[in-house]
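**Student:** please work out how this folds:
(2 chains)
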There are 2 protein chains.
Amino acid sequence: MKLTDMDKGGILALKNQWDEEYKSFKAMNLKLNMARGKPSPEQLDVSMDMLNILDEKSVLDGINGDDYRNYGILDGIPEAKRIFSDMLGVSEDEIIIGGNASLNLMYDIIADSYAFGVNGSKPWCKLDKVKFLCPVPGYDRHFAICEKFGIEMVNVPTDENGPDMDMVEKLVAEDDSIKGIWCVPQYSNPTGYVYSDETVKRFANLSPKAEDFRIFWDNAYCIHHLVDNPRIILNILDECKKNGKENMVYIFGSTSKITFSGSGVSAVGSGKDNIAYIKKNMGIRTIGYDKINQLRHALYFRSYDGLVEHMKKHKAIIAPKFKVVLDTLEKEIAPLGIGSWTKPEGGYFVSFDSLPGCAKRIVELCKEAGVTLTGAGAAFPYGKDPEDKNIRIAPTYPTVDELQKAMEIFCLSVKIASAELYLK
Amino acid sequence: MKLTDMDKGGILALKNQWDEEYKSFKAMNLKLNMARGKPSPEQLDVSMDMLNILDEKSVLDGINGDDYRNYGILDGIPEAKRIFSDMLGVSEDEIIIGGNASLNLMYDIIADSYAFGVNGSKPWCKLDKVKFLCPVPGYDRHFAICEKFGIEMVNVPTDENGPDMDMVEKLVAEDDSIKGIWCVPQYSNPTGYVYSDETVKRFANLSPKAEDFRIFWDNAYCIHHLVDNPRIILNILDECKKNGKENMVYIFGSTSKITFSGSGVSAVGSGKDNIAYIKKNMGIRTIGYDKINQLRHALYFRSYDGLVEHMKKHKAIIAPKFKVVLDTLEKEIAPLGIGSWTKPEGGYFVSFDSLPGCAKRIVELCKEAGVTLTGAGAAFPYGKDPEDKNIRIAPTYPTVDELQKAMEIFCLSVKIASAELYLK
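**Tutor:** Now for the predicted structure:
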């Protein structure tokens, strides 16, 4: 029976019962964490053979005879470019291999745009106002970069096909202070939505008023599937090329959730003008990134196929965890009608929407019972969820048993917060 | 006999002879490179045992029980902090371990100062003018960062005790647009000068008009000695603390010329306020740097003493190369009185001064005979050597035999260019 269909007396009776259950959970002094999209130790174990994979020959004598231990090769070794260009869907002269974090590549591109402009445009720091479109809910670290640079963020609603493209098209065509949009097109963070072909085509055909408008296409989860026959998004660079707009998009990826989270390699793909511009700036910033670690990855995976095959091992570990989350929500929350959630086929998160006004309270209740969640509102610019209803659930890190326990506490917290709302 | 003491006929006769020698070198079609401060393959071989040093236990279970394969620990693992804080002469809570390039740390600090200010000061991008003092000759990559951000560079002469401190003290006290100074205090790039104790004390006691003035203390060669009993500079942070000015200096170092040039670790040390501010900015820029590579370094060196011991192997390889450079200059150039040069006790370079107006021509002559040198003027802001006389010689990369040949061609080029000057 739905909570909405009950009278206050019935709700109160249930709430008393939930409070009792909650108390007994609290007494367990649990410490469970579903806060961040961290791989579990078991997932990290999958790549252990990569750690000591290097032999003297391969380090000394790269594909073009280069000694990868020394300085040089600013934009990445060919062995790595070959694999990661296939992953990003670009060619080997449309890619730069970065350091251990694609976030750093995104940040640097925005920092460069701020200080020096985009390929000849006026530096953003010299403009009165710079805005970014932010499909919501989205990734908190993207939004933190914008906030840091004083870039005004404009929320764009999303559904299972991606962002509201009518709104995106209209805004970028009208407002030349809009310089960018954040996209996680395959398994969006946190919804798990996969952009439809139409959405990708409409992105590739945007006609922004600002010549320095760019799409930040963070394809962080492009091969992070949870199902056997995953949908794959259209290749944005190919689509852009059809419209002569290949310099409108930057495509990002990394192995942070493929090999080791702090010690992976990152990459950015784009049109050739953008790549040349990024490289020029990079040459002042650094002597280049860690080529030996790039080589470790190249030797370990050998090809893009090797990378895809490797991800099946991750799927085997984390798909059961997503099942725990979804099964528990289905069992505990669905009958009461006090929440809705996404059912992702990949990525790292489940996005849960409570009744409006309950998210903060749920996170608080969970915390008191020993379950750490991402802060309520984290998936929105400035940390402000206008309806205070969205919570990002990250199932990968805990064990299945821990997760089962954590989800029981989560569902109980949803119930109590919802009851509190109705009894107000 | 000095060239200046000869008559034109005598010089012409010598020049004809030198031209003949030059022709025969040219016919050899040599390809020798003394352009950049790159370690030789032999030096890189020294650290090969580090590549596969990791065992499962150490990666999974850091000193505080952390799994170094996962996200987290923004500012570096304790095992690395312990070693590199000793190297920089700071404490473990006054250091951040960075990625593979200290250049990147310097760049990021300047980029942050430009966009956000220094610890609460007005962002440099909002100021009409920002200037840096640049002791010359100096490091081209430092100057390139300033040029990139439109920071006006002011040359400061140096001698064997370091920069002209009268000038530095006067300028920073008078002009609040001066926001920084580049220093390579131990074995300056390219002179090899070691700052005297008085110089360090005067730096630590500067009274800059700009509250956001900072000393960029790039101690890149602090343990890169070429002699058995090296002079060691005073600890700048300790000296600054005596004056309550510990946030006036950033100290940089890296293992780029200790382990692998592209795959080392970098570090920055400073007063606690600066460290906190850098960390705050870093947390937006990245998820942290490669902890596994930090661990490789920590396991390999074990302690600062291990690091110092390790550098003796480098000394054994490169000290004979510096000897070739200095012996050849002494033999070929000294008697003619057509140049002067530094005699470094460490670092990576010899700084050569030709007769004024000859440096570009010497580099050109070398190039035509197959010897690549750093471009003339590279050691000056904007690449402009006011007297066109300075050339940076980098002896480490070639073999001893190659270097001998390269130095013969270099000396011959100096002779020809000098003769051309006198015969003009």
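**Student:** I'd like to know how far the spatially closest residue to residue A:104 that is not a sequence neighbour sits from residue A:282.
**Tutor:** In space, and not counting its chain neighbours, residue A:104 is closest to residue B:286: 4.3 Å by Cβ to Cβ, 6 or more residues apart in numbering or on different chains. (Glycine included, C-beta is placed from N, CA and C.) Using Cβ to Cβ, to the nearest Å, we find residue B:286 at a distance of 15 Å from residue A:282.
**Student:** who has more neighbours out of these two?
**Tutor:** residue B:286 (25 against 20; other Cβ atoms under 10 Å in any protein chain shown).
**Student:** list the contacts for residue A:386?
**Tutor:** Residue A:386 sits next to A:155, A:380 when contact means Cβ atoms under 8 Å, 6 or more residues apart in numbering or on different chains.
**Student:** which of the three states applies to it?
**Tutor:** coil (DSSP: H, G, I helix; E, B strand; the rest coil).
**Student:** what of residue A:156?
**Tutor:** Applying three-state DSSP: residue A:156 is strand.
**Student:** likewise for residue A:275?
**Tutor:** Residue A:275 - assigned by three-state DSSP - is helix.
**Student:** and the gap between it and chain B?
**Tutor:** Distance, residue A:275 to chain B, by Cβ to the nearest Cβ, to the nearest Å: 19 Å.
**Student:** now swap in residue A:82 and tell me
**Tutor:** Distance from residue A:82 to chain B, by Cβ to the nearest Cβ: 19 Å.
**Student:** tell me the secondary structure of the residue nearest to that residue when sequence neighbours are not counted, please.
**Tutor:** Among residues not flanking residue A:82 along the chain, residue A:92 sits closest, at 6.2 Å (Cβ to Cβ, 6+ apart). Here residue A:92 is recorded as coil under three-state DSSP.
**Student:** distance check, residue A:92 against residue A:29.
**Tutor:** In terms of Cβ to Cβ, residue A:92 sits 54 Å off from residue A:29.
**Student:** domain parsing for chain A?
**Tutor:** A:3-44+A:309-423, A:53-303 (automatic domain parsing).
**Student:** mean pLDDT for those - can I get that in JSON lines?
**Tutor:** Putting the domains of chain A into JSON lines (pLDDT from 0 to 100) gives the following:
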{"stretch": "domain A:3-44+A:309-423", "mean pLDDT": "97"}
{"stretch": "domain A:53-303", "mean pLDDT": "97"}
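**Student:** distance to residue B:132 added to those domains, as a markdown table?
**Tutor:** Formatted as a markdown table, those follow (distance: least, Cβ to Cβ, whole Å):
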| stretch | distance to residue B:132 |
| --- | --- |
| domain A:3-44+A:309-423 | 35 |
| domain A:53-303 | 15 |
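**Student:** picking up where we left off before, neighbour count winner among residue A:92 and residue A:29?
**Tutor:** residue A:92 (15 against 8).
**Student:** quick one: the more buried one and residue A:70, what's the gap?
**Tutor:** 22 Å.
**Student:** angles on the backbone of the residue most central in space within chain A, please.
**Tutor:** Note on chain A: the residue nearest the mean C-alpha position is residue A:189, at 4.1 Å, using Cα atoms, centre = their mean. Backbone torsions of residue A:189, given as degrees, to the nearest 10, read phi -90, psi 120.
**Student:** to what extent is residue A:53 buried, counted in neighbours?
**Tutor:** Residue A:53, neighbours per other Cβ under 10 Å, totals 16.
**Student:** excluding chain neighbours, what is closest to it?
**Tutor:** Per Cβ to Cβ, 6+ apart, closest to residue A:53 is residue A:299, 5.1 Å.
**Student:** helices or strands up against the host helix or strand of the one you found?
**Tutor:** Per DSSP states H and E, residue A:299 falls inside helix A:291-301. Counting contacts by 3 or more Cβ pairs under 8 Å, 6 or more residues apart in numbering or on different chains; DSSP states H and E, helix A:291-301 is packed against helix A:56-60, helix A:78-88, helix A:304-332.
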